[in-house]
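**Student:** below is the sequence, then the predicted model.
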2 protein chains.
Amino acid sequence: MPTSRAAELPVLDQPDEGVAPCCPPLTERPLDAEEAERAAKMFKALGDPVRLRLFSLVASHEGGEACVCDISDVGVSQPTVSHHLKKLKDAGLLSSERRGTWVYYRVEPGVLAAMGQVLTAAGR
Amino acid sequence: MPTSRAAELPVLDQPDEGVAPCCPPLTERPLDAEEAERAAKMFKALGDPVRLRLFSLVASHEGGEACVCDISDVGVSQPTVSHHLKKLKDAGLLSSERRGTWVYYRVEPGVLAAMGQVLTAAGR
C-alpha cells in the first residue's frame, strides 16, 4: 500500500488484529456462545457458492488482489459481485482499498490462517 | 466400531472418500462452479453459531464422539440439537452410528483436514 494513500484509507494492514482471540481448535473444548458467533460469521461468508468462487478469484489473482473489473466469469452481474465482495469484507475475510475508479480487494491472511488452524486441528 | 454392528450401519468409516477431489487451495486457482458448490455446503454448515457450538461439542468430546444425550448446555431443545446434528451429517462433517436408543455423532477427520488445508494454504 503506498504511504501517500494511508491517510485516506481505513487501517487494513493489520491482519492479525482480532484473529488470535477468536477460537480454540474445535477439538480442544466446546466454543462458547461469543466465540461461535464470531467464527460462524466467517464460515457463513464462505457458505455461498458464488461468494466462495469470488473469494477464490481474489485469493488466486495475480498479486493477491483483484477488483470488480478483474472479475467477469462467474455468471453474475457486477453489482452482485460488488455485493458479495462487500459481504466478505464485512466478515473480515477481505480488506479493500480504493484506487481511482476501482476498489481493490485482498485476502486477509491472518484470519484465514486462523480459520484453517481451527479446522485442521479438528481433523486430527 | 464393533464388527458385529457393521451390517446394520451405513458405510461411514471411509473419511477420505470424496474429500480429495473437492477443491484446490483457494490461492491456487479460482474454484469452478461445481467445486464451489461442494465446498460452500460444508462452510455453510459451520456458518450457524448454534451448529458450530454443537460441532465443537462433538469434536472436543471424550473419545471424539457424542450423542444428543451428552449435549445439554447450548440453550436449545433436544429436537433442535438433533436437527442441527443431522444438517452437519448431511454436509459430510459428521458421521453417525446408532447404538440402542441413541445416535452417536463423530467428526469426519478427512473432510475437516481438507477444508483446513484449503484455508491455510490461502492464508500464506
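**Tutor:** Here it is on my side, so go on. Numbers count the residues shown, from 1 in each chain, chains lettered A, B, ... in the order given.

**Student:** now do the most centrally placed residue in chain A, the pLDDT please.
**Tutor:** Nearest to the mean C-alpha position of chain A, by C-alpha atoms, centre = their mean, lies residue A:93 at 1.4 Å. According to the predicted model, the pLDDT of residue A:93 comes to 92.

**Student:** and what of residue A:49?
**Tutor:** Per-residue confidence (pLDDT) for residue A:49: 95.

**Student:** residue B:33 is in contact with that one, correct?
**Tutor:** Yes - Residue A:49 sits in contact with residue B:33 when judged by C-beta atoms under 8 Å, with a separation of 6.9 Å. From N, CA and C alone the C-beta is placed, and that goes for glycine too.

**Student:** how close does the closest residue to residue A:69 other than its chain neighbours sit to chain B?
**Tutor:** Of all residues not flanking residue A:69 in the chain, residue A:102 sits nearest, at 5.5 Å (C-beta to C-beta, 6 or more residues apart in numbering or on different chains). The gap separating residue A:102 from chain B is 19 Å, by C-beta to the nearest C-beta, to the nearest Å.

**Student:** what of residue A:57?
**Tutor:** In terms of C-beta to the nearest C-beta, residue A:57 sits 4 Å off from chain B.

**Student:** next, the closest residue to that residue other than its chain neighbours: phi, psi?
**Tutor:** Distances taken as C-beta to C-beta, 6+ apart place residue B:30 nearest to residue A:57, at 4.5 Å, with adjacent residues excluded. With angles defined as degrees, to the nearest 10, residue B:30 sits at phi -60, psi 140.

**Student:** could you do residue A:104 as well?
**Tutor:** According to degrees, to the nearest 10, the main-chain angles of residue A:104 amount to phi -100, psi 140.
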